[in-house]
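Engineer: this is a predicted model, with the sequence first.
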Amino acid sequence: MDELLITGLGEIATPEGTAPRCGAAQGEVRRLRGGEVLCRDGRIAFVGPAAERRRELGELPGVPRLDGGGGTLVPGFVDAHTHLPWAGSREEEFAQRLAGKTYLEIAAAGGGILSTVRATRAASEDQLVANTRRRLDAMLAWGTTTAEVKSGYGLDLDNELKQLRAIRRAGDGHPIDVVPTLLAAHEFPPEHRHQRQRYVDEIVDSIIPAAAAAGLARFCDVFCERGVFEVDAARQVLLAGRRHGLLPRLHADEFADSGGASLAAELGAVSADHLVAISDPGIAALAAAGTFAVLLPVVSFFLMKERYAPARRLIEAGVPVVLASDCNPGSSHTESLIFVLQLAVFMMRMSVAECLTAITLNAACCLGLGAEAGSIEVGKRADLVLLAAPNMLHLAYHPGINPVAAVIKGGRLVAGGGADGGKA
């Protein structure tokens, strides 16, 4: 039997349940002082006060122990929107933005996503595997235990499949559970800039069927925005994905109210992501459909924008809100969900409790994993993060540091910490 007893905790902080939390419930987090958690065979077997554990289970001699050192135990973080398998770098574009150019101006000059497409097409699959694993390692160090990972820098059949295979290989044997998404509709490739419907047809007729047949993706995503994949083209792609068993997700309403949120609701999409420019009717549509709003505050920060997604309006409307990193080389070069949380607190006026739910339970539910992950409850997978902080408020109260002292994945210590041999 594989066991680990986590003791000496200042606080256990967790949302509860297997369904997403929305409205006022998004801010409901159980905070248990001085509790313990027993992991057994990859699952959580006990959560509660030490005295209760002794009454129910005894002293558990011989069970390895991890001393929490007065820290806080939270669920393993779930990053529901990333773009990890890329090659190349775009720091020169970053410098151009510092000098006053906009993201769209840089993209129009041949930079942006297409710059990364050129580098990613030129890279070998082995290179993409190595790059992706390196980024997963960085995410793990910041407490992420599950991550959605998108393609989208190939933009043709061979290179999109190459990215998806790299995602699968990078996740094999890595502590982070990887959930793959096909994002062939990320941008129009140079060879189809003036024949856009031809590329939509290639996605629908070739790329989606091949990715689905190979079992390389769980979701199909589209960058639905004016000047890129507008609503009619996005609908074609997402309906094709659904016909092949891929659940729909959208990049929506990032730069303008393009109708992406309404399309997400119309199609019953799992999520609409970005939403900086979402309209009130778009918010109402998401709430009625039960579609997740995945907010990406680092993008606004990184692109030096004053406008962030309207988190408070979304929460008050009853939309389940998720926070994610959007880790990518052009607009959100970070692997840290803690940094994401801090921006959401300071720039979007979310509470720490709402943010914790957004990067744990709601994010897990967004990926279809709410019964397995996202909270510290008996029966769930033992994916846990130990913070060197006395309570959960320090996630935002003490910015600029990495407070992660240990990461437990499936009941095993995979980063930091150091369990003893089982003294009672």
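Structural biologist: Yep, that arrived. Residues are numbered from 1 along each chain as shown.

Engineer: quick check: residue 404 touching residue 139?
Structural biologist: No: counting by C-beta atoms under 8 Å, residue 404 sits too far from residue 139 to count as a contact (10.8 Å). C-beta coordinates here come from the backbone N, C-alpha and C atoms, glycine included.

Engineer: next, show the common contact partners of these two.
Structural biologist: Shared contacts of residue 404 and residue 139 (C-beta atoms under 8 Å, 6 or more residues apart in numbering): none.

Engineer: poorly predicted segments of the stretch 301-424 of the chain, please.
Structural biologist: Applying pLDDT under 70 to the stretch 301-424 of the chain picks out residues 417-424.

Engineer: just so I have it, where are all the helices in it?
Structural biologist: Taking DSSP state H, counting those that start in this stretch as the test, the helices found in the stretch 301-424 of the chain are 311-316, 337-348, 352-358, 361-366, 394-397.

Engineer: SS state for residue 251?
Structural biologist: Secondary structure, DSSP: H, G, I helix; E, B strand; the rest coil: residue 251 is strand.

Engineer: tell me the angle of whichever helix in the chain runs longest relative to helix 337-348?
Structural biologist: Ranked by number of residues, the top helix in the chain under DSSP state H is helix 125-141. Put simply, helix 125-141 runs at 70 degrees to helix 337-348, going by axes from the mean of the first three to the mean of the last three C-alpha atoms, to 10 degrees.

Engineer: which strands or helices does the helix or strand just after helix 125-141 pack on?
Structural biologist: Once helix 125-141 ends, the next helix or strand along the chain (criterion: DSSP states H and E) is strand 144-150. Applying 3 or more C-beta pairs under 8 Å, 6 or more residues apart in numbering; DSSP states H and E, one finds that strand 144-150 contacts strand 77-79, helix 125-141, helix 157-171, strand 177-185.

Engineer: now stretch 34-51, how far from the centre of its chain.
Structural biologist: Taking C-alpha atoms, centre = their mean, to the nearest Å, one finds stretch 34-51 lying 26 Å from the centre of the chain it belongs to.

Engineer: what's the answer for stretch 272-292, then?
Structural biologist: Offset of stretch 272-292 from its chain centre (C-alpha atoms, centre = their mean): 18 Å.

Engineer: same check, this time on stretch 234-243
Structural biologist: How far stretch 234-243 lies from its chain's middle: 22 Å, per C-alpha atoms, centre = their mean.

Engineer: for that stretch, C-alpha coordinates in CSV please.
Structural biologist: Coordinates of each C-alpha in stretch 234-243 appear next as CSV, following Å, rounded to 0.1, in the frame of the first residue of the first chain:
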residue,chain,number,x,y,z
ALA,A,234,-15.6,29.2,-36.4
ARG,A,235,-18.9,27.4,-36.4
GLN,A,236,-17.9,25.2,-39.4
VAL,A,237,-14.7,24.1,-37.6
LEU,A,238,-16.4,23.5,-34.2
LEU,A,239,-19.3,21.5,-35.7
ALA,A,240,-16.8,19.4,-37.6
GLY,A,241,-14.8,18.8,-34.4
ARG,A,242,-18.0,17.7,-32.7
ARG,A,243,-18.9,15.3,-35.5
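
Engineer: quick check: buried residues in it?
Structural biologist: The neighbour-count check on stretch 234-243 (16 or more other C-beta atoms under 10 Å) flags 234, 235, 236, 237, 238, 240, 241, 242 as buried.

Engineer: which ones among those residues map onto strands?
Structural biologist: Residues of the buried residues of stretch 234-243 located in strands (DSSP state E): none.

Engineer: now, among those residues, which is nearest to residue 414?
Structural biologist: Closest to residue 414 out of the buried residues of stretch 234-243 is residue 241 (32.9 Å), distances taken as C-beta to C-beta.

Engineer: which phi and psi values does the residue lying closest to the closest one once chain neighbours are set aside adopt?
Structural biologist: Nearest residue to residue 241 in three dimensions, chain neighbours excluded: residue 220, at 2.8 Å (C-beta to C-beta, 6 or more residues apart in numbering). Residue 220 has phi and psi values of phi -120, psi 130 when expressed as degrees, to the nearest 10.

Engineer: now residue 293, what's its secondary structure?
Structural biologist: Relying on three-state DSSP, one would call residue 293 strand.

Engineer: quick one on the thing from earlier: export the longest helix of the chain as CSV, just CAs?
Structural biologist: In CSV, the C-alpha atoms belonging to helix 125-141 read as follows (Å, rounded to 0.1, in the frame of the first residue of the first chain):
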residue,chain,number,x,y,z
GLU,A,125,9.1,16.6,-33.1
ASP,A,126,11.8,15.7,-30.6
GLN,A,127,12.7,19.4,-30.2
LEU,A,128,9.0,20.2,-29.5
VAL,A,129,8.8,17.3,-27.0
ALA,A,130,11.9,18.7,-25.1
ASN,A,131,10.5,22.2,-25.2
THR,A,132,7.1,21.1,-23.9
ARG,A,133,8.6,19.0,-21.1
ARG,A,134,10.8,21.9,-20.0
ARG,A,135,7.7,24.1,-19.7
LEU,A,136,5.8,21.4,-17.9
ASP,A,137,8.7,21.2,-15.4
ALA,A,138,8.4,24.9,-14.8
MET,A,139,4.7,24.7,-14.3
LEU,A,140,5.1,21.8,-11.8
ALA,A,141,7.5,24.0,-9.7
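
Engineer: can you pull out the helices in the stretch 151-300 of the chain?
Structural biologist: Counting by DSSP H, counting those that start in this stretch, the helices of the stretch 151-300 of the chain are 157-171, 196-202, 208-213, 231-243, 260-267, 280-289, 297-302.

Engineer: out of those helices, which gets nearest to residue 177?
Structural biologist: Here helix 157-171 is closest among the helices of the stretch 151-300 of the chain (C-beta to C-beta), at 7.2 Å.

Engineer: show me what counts as buried in that closest one.
Structural biologist: Under the neighbour-count criterion of 16+ other C-beta under 10 Å, helix 157-171 has 157, 159-171 buried.

Engineer: please apply the same query to stretch 310-320.
Structural biologist: 310, 311, 314, 315, 317, 318, 319, 320.

Engineer: measure the first one to residue 331 for me?
Structural biologist: From residue 310 across to residue 331, the span is 19 Å (C-beta to C-beta, to the nearest Å).
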